[in-house]
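[1] give me a model of this one.
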Amino acid sequence: MSTVAVAIICKTPASGLSKTRLSPPLRPEECAAISACFIRDLSKTIAGLVDDGDVAGFAVYTPLGSVATLRPLLPDCFRLILQGGGNLGDRLLKGAADLLDAGHSGAILVNSDSPTLPGAILRQAVDAVRSGDNVVLSPAIDGGYTLVGLSKPHTRLFEDIPWSTPDVYRLTLDRACEIGLPAVAVPAWYDVDDAASFQMLEAELAGRRPAFAAENMRGSEAHATRQFLRQRQAVVAALS
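    Residues are numbered from 1 along each chain as shown. Coordinates of the predicted model:
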């Protein structure tokens with residue numbers, strides 16, 4: 001059986017350059033640290049699918065020359081591919097095309113902002129990509145999407161999209177309809193990219209299931225992120 005490549009599209013963590021919309025409440029060095037935790041946790045969830053035998057794990061990363069910093073955050077089974085240039089759409093398209101050109105039967109690109117993304121959502125996405133020529137999307141609650149999956153590259157799908165706006169998911173569905181590409185939605189999840197979603201993450205890891213999530217849909221354990229939050233909360237408590 002050929003494999004589906006499941007890849008985190010990510011920027012190697014660096015203070016002052018990573019997760020800057022989380023500052024405040026986090027300091028720049030904390031933003032880089034939690035970014036590293038997100039990558040550790042999400043890649044561990046993907047590695048659980050790799051163990052099933054039909055998935056290959058990847059990081060589609062930037063910038064050039066940062067492998068020595070990124071590699072320790074990833075499971076040994078992960079391979080790395082350098083991102084292309086341009087806007088997010090250009091980078092998503094090239095990342096998917098590179099993975100498909102490498103011989104995988106499908107490519108799923110996952111944002112690096114969802115450390116608790118359930119493995120069950122990824123499994124549904126893998127199965128959906130295998131079902132034919134379609135686009136598979138997990139809508140994010142902010143109007144974007146948490147992952148996109150393809151078995152063939154479709155340039156138009158990523159054109160004329162106002163990235164980082166609440167219209168991304170809706171307009172991607174419009175593009176799919178325009179080119180006659182079936183769209184398959186797997187369950188929604190959330191990105192942690194601002195103070196409000198950071199509070200949602202804290203609540204989830206404290207045991208409160210996100211309000212949008214189905215009762216049977218539980219987030220991944222996110223051990224590294226959980227440990228980061230515990231340590232940060234201890235420091236805040238000591239200073240208060």
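
[2] show me where the protein has its strands.
    Under the criterion DSSP state E, the chain contains strands at 4-11, 55-62, 79-82, 106-111, 135-139, 145-150, 183-185.

[3] adding distance to residue 177, mean neighbour count and mean pLDDT, write those out as CSV.
    (Glycine included, C-beta is placed from N, CA and C.) Conversion of the strands of the chain to CSV gives the following (distance: least, Cβ to Cβ, whole Å; neighbours: other Cβ atoms under 10 Å; pLDDT from 0 to 100):
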stretch, distance to residue 177, mean neighbour count, mean pLDDT
strand 4-11, 24, 25, 98
strand 55-62, 27, 23, 98
strand 79-82, 30, 15, 98
strand 106-111, 21, 26, 98
strand 135-139, 10, 24, 98
strand 145-150, 16, 25, 98
strand 183-185, 8, 16, 98
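
[4] quick one: those as JSON lines, columns for distance to residue 174 too.
    Output for these, formatted as JSON lines (distance: least, Cβ to Cβ, whole Å):
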{"stretch": "strand 4-11", "distance to residue 174": "22"}
{"stretch": "strand 55-62", "distance to residue 174": "25"}
{"stretch": "strand 79-82", "distance to residue 174": "29"}
{"stretch": "strand 106-111", "distance to residue 174": "20"}
{"stretch": "strand 135-139", "distance to residue 174": "12"}
{"stretch": "strand 145-150", "distance to residue 174": "13"}
{"stretch": "strand 183-185", "distance to residue 174": "10"}
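
[5] of these, which is nearest residue 42?
    For the strands of the chain, proximity to residue 42 was assessed by Cβ to Cβ; strand 4-11 is nearest, at 5.6 Å.

[6] return the list of helices and strands in contact with that closest one.
    The contact analysis (3 or more Cβ pairs under 8 Å, 6 or more residues apart in numbering; DSSP states H and E) places strand 4-11 against helix 28-50, strand 55-62, helix 88-101, strand 106-111, helix 119-130.

[7] so where's the chain uncertain?
    Along the chain, segments meeting pLDDT under 70 span 1, 240.

[8] do that again at 90, thanks
    By pLDDT under 90, the low-scoring segments of the chain are 1-2, 15-17, 51, 214-216, 233-240.

[9] who's in contact with residue 218?
    Residue 218 is in contact with 118, 209, counting by Cβ atoms under 8 Å, 6 or more residues apart in numbering.

[10] could you redo the last one with a cut-off of 7 Å?
    Residue 218 sits next to residue 118 when contact means Cβ atoms under 7 Å, 6 or more residues apart in numbering.

[11] related to what we said a few turns ago, residue 73: which of the helices and strands packed on strand 4-11 is closest?
    The nearest among these, by Cβ to Cβ, is helix 28-50 at 4.7 Å.

[12] contacts for that closest one?
    6, 8, 10, 13-16, 18-20, 22-23, 26, 55-57, 73-75, 77-78, 110, 112-115, 117, 119, 122-123, 126, 220, 222-225, 228, 232.

[13] run the chain-centre distance for that helix.
    Distance of helix 28-50 from the chain centroid (Cα atoms, centre = their mean, to the nearest Å) equals 10 Å.

[14] list the buried ones in that helix?
    The neighbour-count check on helix 28-50 (16 or more other Cβ atoms under 10 Å) flags 28, 30-47, 49-50 as buried.

[15] tell me the angle of that helix relative to strand 4-11?
    180 degrees (axes from the mean of the first three to the mean of the last three Cα atoms, to 10 degrees).

[16] and helix 28-50, C-alpha only, in CSV?
    Provided in CSV are the C-alpha atoms of helix 28-50 (Å, rounded to 0.1, in the frame of the first residue of the first chain):
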residue,chain,number,x,y,z
PRO,A,28,8.8,36.5,22.8
GLU,A,29,11.0,33.8,24.3
GLU,A,30,7.9,32.0,25.6
CYS,A,31,6.3,32.2,22.1
ALA,A,32,9.3,30.4,20.6
ALA,A,33,9.2,27.8,23.4
ILE,A,34,5.5,27.1,23.0
SER,A,35,5.9,26.9,19.3
ALA,A,36,8.5,24.1,19.8
CYS,A,37,6.0,22.4,22.1
PHE,A,38,3.3,22.6,19.5
ILE,A,39,5.6,21.0,16.9
ARG,A,40,6.6,18.2,19.3
ASP,A,41,3.0,17.4,20.2
LEU,A,42,1.6,17.5,16.7
SER,A,43,4.4,15.4,15.3
LYS,A,44,3.9,12.8,18.0
THR,A,45,0.2,12.5,17.1
ILE,A,46,1.2,12.1,13.4
ALA,A,47,3.8,9.5,14.4
GLY,A,48,1.0,7.5,15.9
LEU,A,49,-0.5,7.2,12.4
VAL,A,50,2.9,6.3,10.9
